[in-house]
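S.K.: sequence plus the predicted model coming up.
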Amino acid sequence: MTRPPIPALPDALGMPPVRSLRLPNGVSLHLLPADQFEVLRVTFVFRAGSVHQHRPFAASVTANMLAEGSPGMPARRIAERLDYYGSYYEVSIDRDFVYLSFCTLRSEEHTSELQSLA
(Lines give C-alpha, C1' and ligand atoms only; values in the text may rest on other atoms or scores of the structure.)
Protein backbone atom coordinates (compact mmCIF):
# COMPACT_ATOMS: atom_id res chain seq x y z
CA MET A 1 0.00 0.00 0.00
CA THR A 2 1.35 3.43 -0.94
CA ARG A 3 1.45 6.07 1.78
CA PRO A 4 0.21 9.56 0.96
CA PRO A 5 2.87 12.26 0.70
CA ILE A 6 3.67 14.25 3.83
CA PRO A 7 2.74 17.90 3.27
CA ALA A 8 5.52 20.45 3.56
CA LEU A 9 5.46 22.72 6.59
CA PRO A 10 5.11 26.44 5.85
CA ASP A 11 8.08 28.70 6.51
CA ALA A 12 5.90 31.15 8.45
CA LEU A 13 2.37 31.20 9.82
CA GLY A 14 1.62 34.73 8.67
CA MET A 15 0.03 35.81 11.95
CA PRO A 16 -0.82 39.49 12.27
CA PRO A 17 0.92 41.35 15.08
CA VAL A 18 -0.84 41.41 18.44
CA ARG A 19 -1.83 44.83 19.75
CA SER A 20 -1.69 45.14 23.53
CA LEU A 21 -3.39 47.91 25.51
CA ARG A 22 -4.05 48.65 29.16
CA LEU A 23 -7.58 49.83 29.87
CA PRO A 24 -8.26 52.66 32.37
CA ASN A 25 -9.31 50.08 34.99
CA GLY A 26 -5.92 48.33 34.70
CA VAL A 27 -7.11 45.33 32.67
CA SER A 28 -4.80 44.19 29.88
CA LEU A 29 -6.39 43.89 26.45
CA HIS A 30 -4.72 41.93 23.66
CA LEU A 31 -6.10 42.25 20.13
CA LEU A 32 -5.39 39.86 17.31
CA PRO A 33 -7.10 41.35 14.26
CA ALA A 34 -8.49 39.08 11.57
CA ASP A 35 -10.39 41.47 9.32
CA GLN A 36 -11.01 38.80 6.68
CA PHE A 37 -13.50 37.06 9.02
CA GLU A 38 -17.01 38.23 9.86
CA VAL A 39 -16.88 36.69 13.31
CA LEU A 40 -15.66 38.29 16.52
CA ARG A 41 -14.41 36.18 19.42
CA VAL A 42 -13.80 37.77 22.80
CA THR A 43 -12.15 35.77 25.56
CA PHE A 44 -11.87 36.93 29.15
CA VAL A 45 -9.06 35.23 31.07
CA PHE A 46 -9.25 35.15 34.84
CA ARG A 47 -6.49 33.92 37.15
CA ALA A 48 -8.95 31.64 38.94
CA GLY A 49 -8.20 28.04 37.99
CA SER A 50 -8.25 25.01 40.24
CA VAL A 51 -4.89 25.92 41.82
CA HIS A 52 -6.58 28.98 43.38
CA GLN A 53 -9.54 27.16 44.89
CA HIS A 54 -9.86 26.41 48.61
CA ARG A 55 -12.47 23.66 48.16
CA PRO A 56 -12.66 20.90 45.54
CA PHE A 57 -14.47 21.96 42.33
CA ALA A 58 -14.96 25.56 43.55
CA ALA A 59 -13.39 27.05 40.40
CA SER A 60 -15.41 24.81 38.10
CA VAL A 61 -18.73 25.40 39.85
CA THR A 62 -18.19 29.16 40.07
CA ALA A 63 -17.26 29.49 36.40
CA ASN A 64 -20.18 27.37 35.24
CA MET A 65 -22.60 29.32 37.45
CA LEU A 66 -22.00 32.37 35.25
CA ALA A 67 -24.56 30.88 32.86
CA GLU A 68 -27.13 30.71 35.64
CA GLY A 69 -27.69 34.43 35.51
CA SER A 70 -27.86 37.11 38.15
CA PRO A 71 -30.56 39.12 39.92
CA GLY A 72 -30.42 41.67 37.09
CA MET A 73 -30.41 39.15 34.24
CA PRO A 74 -31.80 35.63 34.67
CA ALA A 75 -30.30 32.69 32.77
CA ARG A 76 -33.24 32.45 30.38
CA ARG A 77 -32.81 36.07 29.29
CA ILE A 78 -29.07 35.55 28.70
CA ALA A 79 -29.79 32.46 26.60
CA GLU A 80 -32.53 34.21 24.60
CA ARG A 81 -30.35 37.23 23.84
CA LEU A 82 -27.39 35.11 22.74
CA ASP A 83 -29.65 32.88 20.64
CA TYR A 84 -31.42 35.83 18.98
CA TYR A 85 -28.10 37.15 17.69
CA GLY A 86 -26.72 33.73 16.76
CA SER A 87 -24.03 34.15 19.40
CA TYR A 88 -22.68 31.69 21.90
CA TYR A 89 -20.38 31.50 24.86
CA GLU A 90 -18.21 28.82 26.39
CA VAL A 91 -16.42 28.38 29.69
CA SER A 92 -13.09 26.55 30.01
CA ILE A 93 -11.19 25.88 33.19
CA ASP A 94 -7.66 24.65 33.71
CA ARG A 95 -5.23 24.55 36.58
CA ASP A 96 -4.38 28.26 36.52
CA PHE A 97 -7.11 30.09 34.62
CA VAL A 98 -10.80 30.34 33.80
CA TYR A 99 -11.62 31.35 30.22
CA LEU A 100 -14.97 32.86 29.31
CA SER A 101 -15.37 33.25 25.54
CA PHE A 102 -18.11 34.84 23.48
CA CYS A 103 -18.50 34.50 19.73
CA THR A 104 -20.73 36.70 17.55
CA LEU A 105 -20.92 38.37 14.15
CA ARG A 106 -18.85 41.53 13.76
CA SER A 107 -21.72 43.91 13.05
CA GLU A 108 -22.25 46.92 15.32
CA GLU A 109 -25.59 45.53 16.50
CA HIS A 110 -24.11 42.15 17.42
CA THR A 111 -21.03 43.49 19.18
CA SER A 112 -23.09 46.03 21.17
CA GLU A 113 -25.38 43.25 22.37
CA LEU A 114 -22.42 41.06 23.31
CA GLN A 115 -20.87 43.96 25.21
CA SER A 116 -24.05 44.43 27.23
CA LEU A 117 -24.06 40.73 28.19
CA ALA A 118 -20.37 40.55 29.05
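M.R.: In hand now; what should we look at?

S.K.: contacts, neighbours, all on C-alpha from now
M.R.: Will do.

S.K.: thought Thr104 was touching Tyr85, still the case?
M.R.: Yes - Tyr85 lies in contact with Thr104 (Cα atoms under 8 Å); the separation is 7.4 Å.

S.K.: these two: which is more packed in?
M.R.: Between Tyr85 and Thr104, counted using other Cα atoms under 10 Å, the more crowded position is Thr104 (20 against 15).

S.K.: which ones are touching the most centrally placed residue in the chain?
M.R.: Centroid-nearest residue in the chain: Ser101, 1.7 Å away (criterion: Cα atoms, centre = their mean). Each residue near Ser101 by Cα atoms under 8 Å, 6 or more residues apart in numbering is listed here: Arg41, Val42, Thr43, Phe44, Tyr89, Glu90, Val91.

S.K.: can you check Ile6 too?
M.R.: With Cα under 8 Å, 6+ apart, Ile6 has no contacts at all.

S.K.: okay, it: pLDDT?
M.R.: Per-residue confidence (pLDDT) for Ile6: 89.

S.K.: secondary structure class for it?
M.R.: At Ile6 the chain is in coil, as set by DSSP: H, G, I helix; E, B strand; the rest coil.
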